[in-house]
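# coordinates for the following, if possible.
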Amino acid sequence: MEERELFFRHLAQTTPTPLAFPVARAEGWKLFDTSGKSFLDLVSGISVANVGHKHPRVMEAIRAQLDRYLHVMVYGEFVESPQVRYARLLATQLPESLDTVFFTNSGSEAVEGGMKLAKRYTGRTEIIAFHNAYHGSTQGALSLIGNENWRRAYRPLLPGIRHLEYNSMEALDSITSSTACVVAETVQGEAGIIAGNEQWLQALRSRCDETGALLVLDEIQSGFGRTGKLWAFQHSGIQPDILLLGKALGGGLPLGAFISRGDIMHSLTENPPLGHITTFGGHPVCCAAGMAALEVLLDEKLVEEVKQKEQLFRELLVHPQIREIRSSGLWLAVEFSNSEESKQVIDKCLENGVFVDWFLFAPQCIRVSPPLTIDEASIRRSCDVMLKECDRLKSE
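Numbering: from 1, shown residues only. Here you go, the predicted model:
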């Protein structure tokens, strides 16, 4: 059998119509199929490849760790240099109150850990999330998702979870002394790039302080420079009690983390001990790759270029077929009249060497989230391809 047939025969499918793109290799901001054709990658593995595919420093860090050891013991028992050094680097780039890292395998697992930590530390059980939020597909994370179409098939879900309107000042009154934590995306990704209003985020922080609820910010997609600052919460001048990371955290390898201050995190270490455990979380090779990627992000000053590149996309993507563009750094939602139009543009872009995607809760929008390393010429070429398809739609 050919690999395409084996793909459909032996791999569990997530949709009836997967892309089935025959990827052969990836480098920088380009993907290559098995025929050798190149594609501009404007998705970057859903904001994973922030420093591009196969960055030399990331690859070298992986090779070096491969020669030392792979898995040796469950997370938290051995002193493994890649974990310790990466946790320290993260702490130096975060507020002082976020100094203790618990590495997981994925963003969804980071969400699960953050939920458990908040309940354990506060002794409370109520958790508040928001409509149109996306936090992952595990049972607890799914319970937080703010879209009933994605939840209903898996009920009953976790009890004690309430969903409020995002960016609503009035909704904040629902946070009370019974609330263990409020889990919010600093920028709602799958809703089609809906940024938290600065005043609202500040009011949310204040309300959590008033009630003793912990503020948990999900920056699994928005972290690591995606929005034009290293962390999206820096745009509003607030700090979370617990920060959730994933995606770009591993430099292209699977890695997640929830981060808090030491006394909060210590509540997982006793009564009972092993309050949260993982076998492969913080895998040494993943931590080595992630640390190298963050060092690249900092040393090459990639975050400083984000706003300029965002502006170039916004200047070029002007067309009567495009209803609106919402953006937060190099993370754009290009909105069309309906999902049929956006799907046509996505498909035609792929035919013409540009890979874009859609959003789970906003299928009428095209996702643009390229590696932060993308150059101006590639931005112009990708926009030209999208605009030509917009011309075709207009002429029909």
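
# going forward, measure contacts between C-alpha atoms and count neighbours the same way
OK.

# average pLDDT across the helix or strand where Ala87 lies?
If you go by DSSP states H and E, Ala87 is part of helix 81-92. On average, the pLDDT along helix 81-92 is 98.

# quick one: contacts of the helix or strand that that helix is followed by?
Scanning forward in sequence from helix 81-92 by DSSP H and E, the next helix or strand is strand 100-104. Here strand 100-104 makes contact (Cα atoms under 8 Å, 6 or more residues apart in numbering) with 87, 91, 110, 255-262, 265, 278, 280-282.

# let's see which of those residues end up in strands.
Among the contacts of strand 100-104, the members found in strands (DSSP state E) are Gly256, Ala257, Phe258, Ile259, Ser260.

# and the contacts of strand 100-104, which of them are buried?
Buried by 16 or more other Cα atoms under 10 Å: 87, 91, 110, 255-261, 265, 280-282, out of these.

# residue ranges with poor pLDDT in this protein?
The chain contains residues with pLDDT under 70 at 1.

# need the longest helix for it.
The longest helix of the chain (DSSP state H) is helix 376-395.

# that one - contacts with which helices or strands?
The contact analysis (3 or more Cα pairs under 8 Å, 6 or more residues apart in numbering; DSSP states H and E) places helix 376-395 against helix 306-316, helix 339-351.

# format those helices as TSV; extra columns: mean neighbour count and distance to Trp200.
Output for the helices and strands packed on helix 376-395, formatted as TSV (neighbours: other Cα atoms under 10 Å; distance: least, Cα to Cα, whole Å):
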stretch	mean neighbour count	distance to Trp200
helix 306-316	17	23
helix 339-351	18	30
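
# quick one, which of those helices gets closest to Gln221.
Smallest distance to Gln221 across the helices and strands packed on helix 376-395 (Cα to Cα): 15.0 Å, for helix 306-316.

# send me that closest one as PDB with only the CA atoms.
The C-alpha trace of helix 306-316 is given here as PDB (Å, rounded to 0.1, in the frame of the first residue of the first chain):
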ATOM      1  CA  VAL A 306       6.600  41.000  14.900                       C
ATOM      2  CA  LYS A 307       4.600  44.300  14.800                       C
ATOM      3  CA  GLN A 308       6.200  45.400  11.600                       C
ATOM      4  CA  LYS A 309       5.400  42.100   9.900                       C
ATOM      5  CA  GLU A 310       1.900  42.200  11.300                       C
ATOM      6  CA  GLN A 311       1.400  45.600   9.800                       C
ATOM      7  CA  LEU A 312       2.700  44.500   6.400                       C
ATOM      8  CA  PHE A 313       0.100  41.700   6.300                       C
ATOM      9  CA  ARG A 314      -2.700  44.200   7.300                       C
ATOM     10  CA  GLU A 315      -1.600  46.700   4.600                       C
ATOM     11  CA  LEU A 316      -1.500  44.000   1.900                       C
END
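
# now it, how far from the centre of its chain.
21 Å (Cα atoms, centre = their mean, to the nearest Å).

# other residues contacting that helix?
225-228, 325, 327-331, 372, 376, 379-380, 383.

# now do the same contact list for Lys394.
Shown in contact with Lys394 (Cα under 8 Å, 6+ apart): Pro320, Gln321.

# any idea how far it lies from Val318?
Distance from Lys394 to Val318, counting by Cα to Cα, to the nearest Å: 13 Å.

# again with Leu245
Noted for Leu245: a distance of 33 Å to Val318, by Cα to Cα.

# same check on Asn149?
Note on Asn149: its distance to Val318, by Cα to Cα, is 32 Å.

# compare the two (neighbour count), which wins?
Val318 (15 against 9; other Cα atoms under 10 Å).

# list the beta-bridge partners for Asp33.
Beta-bridge partners for Asp33, by DSSP bridges, are Val23.

# which residues does it contact?
Here Asp33 is in contact with Phe21, Pro22, Val23, Ala24, Arg25 (criterion: Cα under 8 Å, 6+ apart).

# count the residues that sit near the fourth one.
If you count neighbours by other Cα under 10 Å, Ala24 ends up with 12.

# residues contacting it?
Applying Cα under 8 Å, 6+ apart to Ala24 gives the contacts Leu31, Phe32, Asp33, Thr34, Gly36.
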